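S.K.: Provide a 3D model corresponding to the input given below.
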Amino acid sequence: MAKLTLSKANKIIRDALAKGKELGLKPLTVVVLDAGGAMIAMQREDGSSHLRPEIAAGKAFGCIAAGVGSRWLNAQAETRPHFLEGLSNVSGGRIVAVPGGVLVKTKTGEIIGAVGITGDTSDNDETAAVAGIEGAGLTPDTGA
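M.R.: Just a heads-up that it's a prediction; the model follows:
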C-alpha cells in the first residue's frame, strides 16, 4: 500500500500555491489529508480568512468519505439532496460538497489521500489542487 508522505504533501501545497499565484487567485488555504482522513499538512496564505482551514479540510474530507472528488458530491447535492444530507449527518457535518476537493491517487489508481483548497472560486480552487497533485507526480480525481 502506497502512502502520502509529508514531503509529497508539502510539494502538493507548494505547487498548488504557485498555481494560484500564476493565475492571480485570491489568497488560498490548502489542506492535505491521508487516505484515512487525517491531516498531513495545511498552509493558509496571508489574507486568507480564519475559517478557510475548516472549509478546505471539509472539501478534502468529503472526498475521502465518499471515495470521489468533490465535484461529484456537488452534483449529488443538486440532484439528490437527501443523499448528501444523510452523508453530511453521518459525518457530523464535516463534508463541504463543492469543487475544490480532489482525491490523490497513485498511477495505478490507489487512493492515498485528498487535497482541499478554498479561497477563490470553487473552479479555481480545483484547478490549483489539480496542479499541486500533478506537480507531485500523482494522479488527481476531481469527481467530474
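S.K.: quick one, longest strand in the protein?
M.R.: strand 111-118 (DSSP state E).
S.K.: separation between the residue most central in space within the chain and residue 143?
M.R.: The chain has residue 116 as the residue nearest its centroid, 2.2 Å off, counting by C-alpha atoms, centre = their mean. Applying C-beta to C-beta, to the nearest Å, the value for residue 116 to residue 143 is 13 Å. From N, CA and C alone the C-beta is placed, and that goes for glycine too.
S.K.: burial count for residue 6?
M.R.: 11 (other C-beta atoms under 10 Å).
S.K.: mind checking the SS state of the residue nearest to it when sequence neighbours are not counted?
M.R.: Leaving aside its sequence neighbours, residue 6 sits nearest to residue 40 (C-beta to C-beta, 6 or more residues apart in numbering; 5.9 Å). In three-state terms, and counting by DSSP: H, G, I helix; E, B strand; the rest coil, residue 40 is strand.
S.K.: so residue 40 sits against residue 13, correct?
M.R.: No: contact criterion C-beta atoms under 8 Å: residue 40 and residue 13 do not qualify, at 9.6 Å.
S.K.: what about the residue in the chain sticking out farthest from the centre, distance to residue 92?
M.R.: Most distant from the centre of the chain: residue 82, at 22.9 Å, with distances by C-alpha atoms, centre = their mean. Residue 82 sits at a distance of 18 Å from residue 92 (criterion: C-beta to C-beta).
S.K.: skipping its backbone neighbours, what lies nearest residue 65 in space?
M.R.: Per C-beta to C-beta, 6+ apart, closest to residue 65 is residue 91, 5.7 Å.
S.K.: got it, and residue 66?
M.R.: residue 73 (6.1 Å).
S.K.: just checking, the one you found touches residue 101?
M.R.: Yes: counting by C-beta under 8 Å, residue 101 is a contact partner of residue 73 at 7.4 Å.
S.K.: looking at the chain, which helix or strand is least sure?
M.R.: helix 81-90 (a mean of 90; mean pLDDT, DSSP states H and E).
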